[in-house]
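*Asks:* let me see the structure of the following:
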Amino acid sequence: MIRGDRLDTTMNYRLRDAVIAFLAPGVFDSKGFADSGHVIAPSDFLERLSSIREDYPDAAYYALMNLLDSHDTERLLWTLTPGAETTAAKEADAANVAAGKNRVRIASLIQFTVPGAPTVFYGDEVGMTGDDDPDDRRTFPWADKGGTPDTAMLAHYTALAKVRRETPVLTKGDFKALLADDAAGIAAYGRRTKDQAALVVVNRGTAAATVSVPVAGYLRDGVSFTRRYQVGTGASASATSAGGTVMVTVPANGALLLVSRFVDLEGPAAPVLTLASEGNGELSMSWGAASGAVSYDVWTSPVSGGGYVKVNAAPVTGTAYPITGLANGAAVHVVVTANDAAGNPSKPSNEVTGLPHYAVGWSNLQWPPTMIHTISTTNRTDTAYGQVWIDGVSNQPGATPGLRAQLGFGPDGSDPAGGTWTWVDGAFNADAGNNDEYKASLLPETTGAFDYAWRYSTTGGRDWVYADLDGSGNGYSPSQAGALTVTGSGDTTAPTTPANLRVVAASPAGIELAWDAVAGDASLWGYELQRSAAAGGPWDALVRLTDTGYTDTAVGEAETWHYRVVAIDGSFNRSAPSAAVTGTAELRTVTLQFTVTVPATTDATGRQVTIAGFLDRLDGGLPQWNPGGVVLTRADATHWTITLTGKEGTQLEYKYALGSWDYVEKDDACGEIGNRQLTLAYGAAGIQAVSDTVINWRNVAPCGS
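*Replies:* Now for the predicted structure:
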């Protein structure tokens, strides 16, 4: 632990899972990893490696215990050998074993060329195999003891260790996924420091492949590489980056490690990027000159944080660039890199997001100028129409792509941009000359006098043009707004307050609530659930619904929220609010009450009944699989009890013993039994009673003495 609240490194089973899933001949034991146990594509493999990089700070990332098997898993060779889960297929079939050993060589090359500490389980380096525990713990095959270690495999591991030890970039370099060709079964990644680079290309396909690895923005042109290691034969002996790529040949079912000489790979400082303007299908970018830079490259992506593609064909020598040919209404994320005289790229600039868009030339509230409406939860106002003109666009058939139109209303004489208006999305109605026409209706909740108008956006709602009866050309004016009068229905009786609002369940995924239905009110429409961050409010409407339950998923882990519910009738009369309840978006604590019935011979042993398992998943810092660590309390000659606590949803495996594995529980034939399994469930009151029965103890009659 570095700071006492996080791990400074970990057994990197995530790497094992990714490598085996990429190279395995078929399904395998995933050891509990989600969405695993099956073969994955090269793109998935690189995504998993990149995810590991993203999840750890440097100090932990470069110290990860990079293992491919262990005492808790099948041997690497067993897993990567094709055939049935039998000794005949996995060990006696020479062709299968040869294929498995080839995959082991590829897997270990990956293990020795990614950041972290390659950790080899004893015997893998000499071709040991074995099924899951305890078969994975076979005796090392010492030659002087009659064993037959695979000396060729030992030479492979020795060579990998030597290459890693002699190649600084393999221990200090960064990590970058460079190529995933799912169709061909090829993955490539890079390692780089300021003065050395390495490329690793893996081909799990059945044919040799000539591969163009993209390195633009990562490595400059003219970097020469030499082959330092290969799995298979016929791999490129050398290669040089040119045109933003490195062209290499990789053997079938093989891999290639290329390493550069010590050269200058350190680029200039990264530029500071700004968005100069947005336009119709274009963005204008500008940046400050970066020290040491002679040119720049501009990169765009449809998603934030990655996936950038260079948009300039030739290096940009100035500090501004227009990006054209973009789709309107779709955000574009932009970074710029600087290049020095040698062609070394800088790190990316800050990311800037722009939104190409059309400009609204004119718009209005077309009709009607006035509306009178009787308040109702089900009957909406008359339909209102609005028109919008965009030069060269709205005259085309159909709705303008990316255009949003909304009808809204607010207090008489108020500013529609002031935050007091209620807005609803409009639907395209028709082409009206050179204009697009939209329609919508309103559902006011209170009586009184209101203004209404249209607004239009080509930036996804970021910016709006407000339009009244005489059009947006001269700006919005309350005197030109539509006039809406909402009258009462004659029903002013509030419904009954809902009762028994309660938290049904809570977790980081959401807080589930329920309440009793209001009965006997023919005018009842439904309910409004309100939420507040503070116990006394202010309260915001979370949802309106006719059901009597709702799960609030708009919560953050460990956040606490307060809720109340009101009933609403058909005239928008509201009940008084219910009593408030509080929910926290975290798993609730379950009290586990274990009662175990034991053989009548137990007292005569003079030993205490204990429980062992994944108890470290519970509260209290309990040990994992320690047969003497957690002692139960004797209730009588045949019953022992213990009360523990843990979070709901926790999955346990456990067994009973008499303080030692020499006295573990057995079945009625004195045979081994599987681990008991249990999932903590909160239930109605947070108490879970568990009743178990131990039939026999090991080394206690009738199971020995």
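
*Asks:* just for the protein, where's the confidence low?
*Replies:* 1-8, 705 (pLDDT under 70).

*Asks:* quick one, helices of it?
*Replies:* Per DSSP state H, the chain carries helices over the ranges 13-23, 42-55, 58-61, 76-80, 87, 94-113, 151-166, 169-172, 602-605.

*Asks:* neighbours of the residue lying closest to residue 180 once chain neighbours are set aside, how many?
*Replies:* The spatial neighbour of residue 180 that comes closest, neighbours along the chain excluded (C-beta to C-beta, 6 or more residues apart in numbering), is residue 43 at 3.8 Å. All C-beta atoms are positioned from the backbone trio N, CA, C, and that covers glycine. Counted with other C-beta atoms under 10 Å, residues neighbouring residue 43 total 14.

*Asks:* so how far is residue 19 from residue 43?
*Replies:* 15 Å (C-beta to C-beta, to the nearest Å).

*Asks:* so the residue nearest to residue 180 touches residue 183, yeah?
*Replies:* No - judged on C-beta atoms under 8 Å, residue 43 makes no contact with residue 183 at a distance of 10.5 Å.

*Asks:* show me what contacts the residue nearest to residue 180?
*Replies:* For residue 43, the contact set (C-beta atoms under 8 Å, 6 or more residues apart in numbering) comprises 180, 182, 187.

*Asks:* okay, and the beta partners of the first one?
*Replies:* Think residue 180. When bridges are called by DSSP bridges, residue 180 pairs up with residue 187.

*Asks:* that one: what's it in contact with?
*Replies:* 41, 42, 43, 45, 46, 186, 187, 188.

*Asks:* can you do 6 Å?
*Replies:* By C-beta atoms under 6 Å, 6 or more residues apart in numbering, residue 180 lies in contact with 42, 43, 46, 187.

*Asks:* and the two most separated of those?
*Replies:* Spatial extent of the contacts of residue 180 (C-beta to C-beta) is set by the pair 43 and 187 at 8.0 Å.

*Asks:* ranges for the strands of the stretch 251-400 of the chain?
*Replies:* For the stretch 251-400 of the chain, the strands defined by DSSP state E, counting those that start in this stretch occupy 254-260, 273-279, 282-287, 295-301, 309-310, 320-323, 332-339, 352-354, 362-367, 370-374, 384-389.

*Asks:* strand partners (parallel or antiparallel) of the first one?
*Replies:* Strand pairing for strand 254-260, using DSSP bridges, gives strand 197-203 (antiparallel), strand 224-231 (antiparallel).

*Asks:* thinking residue 150 is in contact with residue 129, fair?
*Replies:* No - here residue 150 lies out of contact with residue 129, judged by C-beta atoms under 6 Å, at a distance of 10.1 Å.

*Asks:* the more surrounded of those two?
*Replies:* Taking other C-beta under 10 Å, residue 150 and residue 129 do not tie; residue 129 has more neighbours (24 against 18).

*Asks:* follow-up on the earlier one: got a markdown table for the contacts of residue 180, with distance to residue 74 too?
*Replies:* Listed next are these as a markdown table, based on distance: C-beta to C-beta, whole Å:
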| residue | distance to residue 74 |
| --- | --- |
| 42 | 23 |
| 43 | 26 |
| 46 | 24 |
| 187 | 23 |
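
*Asks:* give me the number of residues near residue 667?
*Replies:* 13.

*Asks:* related to what we said a few turns ago, can you list the helices of the chain in a markdown table and add distance to residue 349?
*Replies:* Below are those laid out as a markdown table (distance: least, C-beta to C-beta, whole Å):
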| stretch | distance to residue 349 |
| --- | --- |
| helix 13-23 | 31 |
| helix 42-55 | 20 |
| helix 58-61 | 22 |
| helix 76-80 | 43 |
| helix 87 | 58 |
| helix 94-113 | 30 |
| helix 151-166 | 34 |
| helix 169-172 | 25 |
| helix 602-605 | 72 |
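
*Asks:* among these, which is the most enclosed?
*Replies:* Greatest average neighbour count among those goes to helix 76-80 (a mean of 26), per mean count of other C-beta atoms under 10 Å.

*Asks:* and that one, what does it pack onto?
*Replies:* Secondary-structure packing of helix 76-80 (3 or more C-beta pairs under 6 Å, 6 or more residues apart in numbering; DSSP states H and E): helix 94-113.

*Asks:* need the contact partners of the helix it packs on.
*Replies:* 19, 23, 66, 68, 76-77, 80-83, 89, 118, 156, 160, 164, 170, 200, 231, 253, 255.

*Asks:* repeat that with 7 Å
*Replies:* Residues outside helix 94-113 that contact it (C-beta atoms under 7 Å, 6 or more residues apart in numbering): 19, 23, 66, 68, 76-77, 80-83, 89-91, 118, 127, 153, 156-157, 160, 164, 170, 198, 200, 202, 229, 231, 253, 255, 257.

*Asks:* contacts for stretch 415-427, please.
*Replies:* The contact list for stretch 415-427, computed with C-beta under 7 Å, 6+ apart, reads 386, 405-411, 414, 438-440, 442, 453, 455, 466, 476.

*Asks:* and stretch 191-209, how far apart are its ends?
*Replies:* 22 Å (C-alpha to C-alpha, to the nearest Å).

*Asks:* how close does the nearest residue to residue 697 once chain neighbours are set aside sit to residue 675?
*Replies:* Distances taken as C-beta to C-beta, 6+ apart place residue 663 nearest to residue 697, at 5.1 Å, with adjacent residues excluded. Here the distance between residue 663 and residue 675 works out to 17 Å (C-beta to C-beta).
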